[in-house]
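[1] Turn this into a model:
(one chain, ligands or ions: 1)
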Amino acid sequence: MICRTDPDAPKHRGLTAFVVPMDTPGVEVRPLRQMSGGSSFNEVFFSGVRVSDYGRLGPAGEGWSVAITTLGFERAAASGGGGTGGGDLFDRLVLTARHVGRDQDPLVRQRLAAIYAGGKVRALTRRRVTAALKAGGVPGAEGSIGKLAWTEAMREMADLAAEWLGPRFAADSGEWGTFAWTEFLNGVPGYRVAGGTDEVQRNIIAERALGLPREPRPS
Ligand SMILES: Cc1cc2nc3c(=O)[nH]c(=O)nc-3n(C[C@H](O)[C@H](O)[C@H](O)COP(=O)(O)OP(=O)(O)OC[C@H]3O[C@@H](n4cnc5c(N)ncnc54)[C@H](O)[C@@H]3O)c2cc1C
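    Residues are numbered from 1 along each chain as shown. Below you'll find the model as predicted:
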């Protein structure tokens with residue numbers, strides 16, 4: 001939990017991070033229902049919760065750094081699995097292309113090849129991040145690049161599957177490789193928000209990797 005511990009400090013200062021045991025009195029977990037049908041994360045309310053200094057993570061007033069570092073690690077881990085643009089997912093997409101008879105279409109092959117190539121680039125970027133972490137560093141803008149590239153690849157895979165399957169992905173007819181895509185297709189918009197939205201990743205890449213002017217700060 002990131003708490004404002006000094007109300008007089010400017011907005012990024014005066015915050016302190018605490019680890020709060022989930023069985024502390026006053027912690028209430030309310031699952032959120034997603035449009036994909038799942039319920040994989042929650043709203044968490046902290047009503048009158050008391051925490052001791054024992055649970056403090058990092059120095060008092062440095063909670064913003066703790067939050068940014070934690071989010072950096074989350075992004076670095078959210079750049080997709082495998083070296084082929086999503087591993088199993090990409091393999092399943094190729095099998096689906098064969099199943100629906102689209103695997104010999106040159107335009108489809110071109111789009112599949114682009115997803116595959118993007119997956120290889122992401123895998124190399126991930127290795128760069130892992131090497132930096134092993135050397136004791138913290139994830140930088142590479143995490144945002146990986147996460148953004150992964151959500152773009154997922155969007156492209158979802159678009160292809162939806163184009164090929166049309167209404168077949170929405171109803172469970174028992175046909176192989178059709179309804180199985182539903183949860184993924186409904187989940188992709190959420191992946192583009194979770195762990196920091198595409199727009200926010202673009203801002204981070206623009207400001208911290210490309211050195212472009214910072215966006216206006218209203219405060
Ligand atoms: C599937 C899913 C799982 C999640 N899991 C977790 C979890 O486990 N734990 C957790 O703590 N949170 C989780 N989240 C929450 C997630 O981290 C936030 O929803 C996300 O960071 C976006 O923040 P927000 O919802 O406050 O949107 P906002 O920040 O209010 O953004 C709203 C819109 O404005 C745009 N926007 C905001 N700021 C800027 C800007 N500066 N420049 C340009 N555009 C901007 C955004 O891109 C977005 O389109 C999850 C969300 C989803 C969808």
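
[2] what does this protein put close to the ligand?
    Residues of the chain lying near the ligand by C-beta under 6 Å from any ligand atom: 41, 190, 193-197, 199-200, 203, 215. Every residue, glycine included, has its C-beta placed from N, CA and C.

[3] which of those tops the neighbour count?
    With neighbours taken as other C-beta atoms under 10 Å, the top of these is residue 196, carrying 20 neighbours.

[4] how about stretch 16-23: buried residues?
    By neighbour count on 16 or more other C-beta atoms under 10 Å, the buried set for stretch 16-23 is 16-18, 20.

[5] If you could redo that for stretch 132-142, that was the one I meant.
    Going by neighbour count (16+ other C-beta under 10 Å), the buried part of stretch 132-142 is 139-142.

[6] what does stretch 4-18 give?
    Buried residues in stretch 4-18 (16+ other C-beta under 10 Å): 5, 14-18.

[7] Throw those into TSV and include secondary structure and pLDDT, thanks.
    As requested, the buried residues of stretch 4-18 are exported to TSV (DSSP: H, G, I helix; E, B strand; the rest coil; pLDDT from 0 to 100):
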residue	secondary structure	pLDDT
5	coil	94
14	coil	94
15	strand	97
16	strand	97
17	strand	97
18	strand	97
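
[8] now do the same end-to-end measure for stretch 162-170.
    Stretch 162-170 has an end-to-end distance of 10 Å (C-alpha to C-alpha, to the nearest Å).

[9] now it: mean pLDDT?
    Averaged across stretch 162-170, the pLDDT comes to 91.

[10] Show residues contacting that stretch.
    The contact list for stretch 162-170 (C-beta atoms under 8 Å, 6 or more residues apart in numbering) reads 96-97, 100, 102, 161, 175, 178-179, 181-182, 185.

[11] do that again at 10 Å, thanks
    The contact list for stretch 162-170, computed with C-beta atoms under 10 Å, 6 or more residues apart in numbering, reads 93, 96-97, 99-102, 105, 108, 111, 158, 161, 173, 175, 177-186, 188.

[12] now the strands: where do they sit in the chain?
    For the chain, strands defined by DSSP state E occupy the ranges 2-4, 15-18, 27-32, 41-46, 56-57.

[13] got a list of what residue 130 touches?
    Contact analysis of residue 130 by C-beta under 10 Å, 6+ apart lists 76, 139.

[14] With the one 3 residues further on instead?
    Shown here is residue 133, whose contacts under the criterion C-beta under 10 Å, 6+ apart are 72-73, 76, 139, 143.

[15] can you tell me how far it sits from the ligand?
    With distances taken as C-beta to the nearest ligand atom, to the nearest Å, residue 133 is found 21 Å from the ligand.

[16] Residue 29: neighbour count?
    Residues lying near residue 29 (other C-beta under 10 Å) number 10.

[17] sorry, back to before: just name the closest of the buried residues of stretch 16-23 to residue 127, please.
    Comparing these against residue 127 with C-beta to C-beta picks out residue 17 as the nearest, at 29.4 Å.
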